[in-house]
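> next one to model:
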Amino acid sequence: MQTRTTMTESASAGPALGSTIPRGSSAPGPAAARAASATATTTRIASIDWMRGLVMVLMVVDHASMAYDGGHLDEDSALYAGAGTMALPAAEFFTRWMTHICAPTFVFLAGVALALSVERRVAKGVNAWQIDKSILTRGAIIALLDPTLISLGSGRWTFQVLLAIGLSMMCMAPLRRLPSWALLALGLGWIVGGEYVTGWFWHPPGSSSPLAALFVATYGSETMIIKYPLIPWLAMMMLGWVLGRQIVRFNLGTARVSPRTALFVAGIAALVVFAVVRELHGYGDMFLHRADNSWEQWLHLSKYPPSLTYTTLELGLTCVGLALLMTIEPIIGVRKNGVFLVFGQTAMFFYLVHRLTFEIPATYFGLRGAGDLATTYIVAAVMLFALYPACLWYRSFKAAHPNSFLKYI
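This next block holds a predicted model:
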C-alpha cells in the first residue's frame, strides 16, 4: 500500500498547500474535496525541497567556475563554431555537465510549486482574477531580476534563467485553465518538435536574431546574451504543473497513480528516449552532434537552446531522483534545518546572493577566469558554508513577514 504524498507548495512559490486524504478513504465530492484541501493541516513535501536544494548546491559550483575558472567550459551549443569537435578535458567537462540538471529541475519544480499554490487558492474560493494577478505580478518581478540586478552584476545585458522562469509563470496565468492532457501535449510536443521550428529561425554556427532568441533560439554578443528562450522552458514548466495537479488529485483520492510512480515511469521513459535519440546521431541534438563514442561526447548536449536529448536526459534524471527522494522521505524523516531542505526552501534568495557575490568581483575587479578548477571548488565550498546561516536567517525572517514584498522572491 502506498502512502499519500503530502501536498505542499515549493519554497520559492509562497505558502504551503494542504495535507492529504488518507489512502483507502472514499473519494469526496467536489465541494468536500475543496473543503478538505483548503482546511487540511499544512505541511511540505520535503523531497521537493531536497531536490531543489541539491541542484542549488551544484549551481554554486557552476557559477563559481563561470566567474573564476580560466578553463571553464560553456560551449553547450551549436552557436559556437567547432563546439561539436572541441576538446573536452574530463574534469572540467564533468564539472560543467553535472550542473546541467540545475535549470531544468529549477523550472520544472517551479511549475509544480505554482500548480500547488493555485490549487490551494482555488480550493479556498479565491477569485480567479486575484489568482492570475498574483501569478502575473510574481512572474514579472522574477523576470525583471535578469535585466536589472543580474545584468548589473555581470556588466552586460543578461537575459537568462530568471527571465525564462518569470515569463513562463506569466504564461501559466491563462494556460492554467487547460486540462492536464492539453498541457502535457503542449509540453511534450515542443520538446519533441521544437528543433524543427527552431531551424526556421536559427542557422548555426552563430547567433540567431535577438527576437528569435527570446522565444526559441540563442544569441550572444559582447554586450548582451539571451540563452534561455521562453518556449522550451515554458514546456518544462507545463510538465511540472501537470505533476503538481497529480499530487493534488492523488491526495484527494481522485487519482490512482501516485506521483512517485508517475515520476519513476516518466523518468525511465525519458532516459530511454535520450539514449535512442543520441545513438541515432541526428534530429534531437539541436545541431550539436557527437563527434565520437566517448562518454564526454555522449553527454556534450545542447543546452542553449535545450535539445530533445538535453531535456530528456536532465528531466529524466530529475524525475527518477525525485521519485527516489519521495521513497526515502518517510523512511529517514525530515530534519527541519537540514542543509538541502534549507537551501531548497530559500532558493531565490540563495540564487541572488551567490550569483551577485561571484559576478561583481569577477566583472569589476578583474578576477574573471583568474583561477582554475581547484579554485572553483574552494570558492564554491566557502560560499556554501556562508550561505547556510544566511538562508536559515532569511527563512525565519520571511516566515515572520508573510505579507511583505518577500513573498514574491
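> just give the nearest non-adjacent residue to Asp69, would you?
Nearest residue to Asp69 in three dimensions, chain neighbours excluded: Thr376, at 4.6 Å (C-beta to C-beta, 6 or more residues apart in numbering). (C-beta placed from N, C-alpha, C; glycine too.)
> what of Met51?
Counting by C-beta to C-beta, 6+ apart, the residue nearest Met51 is Leu322, at 5.1 Å.
> can you pull up the most central residue in the chain?
The centre of the chain sits closest to Phe106, judged by C-alpha atoms, centre = their mean, with a distance of 1.7 Å.
> next secondary structure after the helix or strand hosting that residue?
For Phe106, the element it lies in under DSSP states H and E is helix 102-123. Later in the chain than helix 102-123, the nearest helix or strand by DSSP H and E is helix 128-145.
> give me the buried positions along that following helix.
Buried positions in helix 128-145, judged by neighbour count with 16 or more other C-beta atoms under 10 Å: 131-132, 134-136, 138-139, 141-143, 145.
> who are the contact partners of the residue nearest to Met51?
47-48, 51, 263 (C-beta atoms under 8 Å, 6 or more residues apart in numbering).
> tabulate those residues (TSV), appending distance to Ala362.
TSV is the format used below for those (distance: C-beta to C-beta, whole Å):
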residue	distance to Ala362
Ser47	34
Ile48	32
Met51	28
Leu263	37
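> between those residues, which sits nearest Ala212?
Met51 (32.2 Å; C-beta to C-beta).
> what helix or strand is the closest one located in?
Counting by DSSP H and E, Met51 is part of helix 46-68.
> for that helix, what is the distance to the chain centroid?
Put simply, helix 46-68 sits 11 Å off its chain's centre (C-alpha atoms, centre = their mean, to the nearest Å).
> dump the next helix-or-strand element following that helix to CSV, restricted to CA.
Counting by DSSP H and E, the element after helix 46-68 in chain order, helix or strand, is helix 90-97. Below are the C-alpha coordinates for helix 90-97, written out as CSV (Å, rounded to 0.1, in the frame of the first residue of the first chain):
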residue,chain,number,x,y,z
ALA,A,90,37.4,15.2,-18.4
ALA,A,91,37.5,17.0,-15.1
GLU,A,92,36.4,20.4,-16.5
PHE,A,93,33.7,18.8,-18.6
PHE,A,94,32.3,16.7,-15.8
THR,A,95,32.2,19.8,-13.5
ARG,A,96,30.2,21.6,-16.2
TRP,A,97,28.0,18.6,-17.1
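> what pLDDT does the model give Asp292?
Looking at Asp292, its pLDDT is 95.
> give the helix, strand or coil label for it.
Following DSSP: H, G, I helix; E, B strand; the rest coil, Asp292 is assigned to coil.
> kindly report the same for Leu178.
coil.
> that one: neighbour count?
Around Leu178 there are 15 other residues, counting by other C-beta atoms under 10 Å.
> from Thr309, how far off is the closest residue to it other than its chain neighbours?
Closest residue in space to Leu178, ignoring its immediate chain neighbours: Leu186 at 7.7 Å, by C-beta to C-beta, 6+ apart. Leu186 is 20 Å from Thr309, where distance means C-beta to C-beta, to the nearest Å.
> that'll do, ta.
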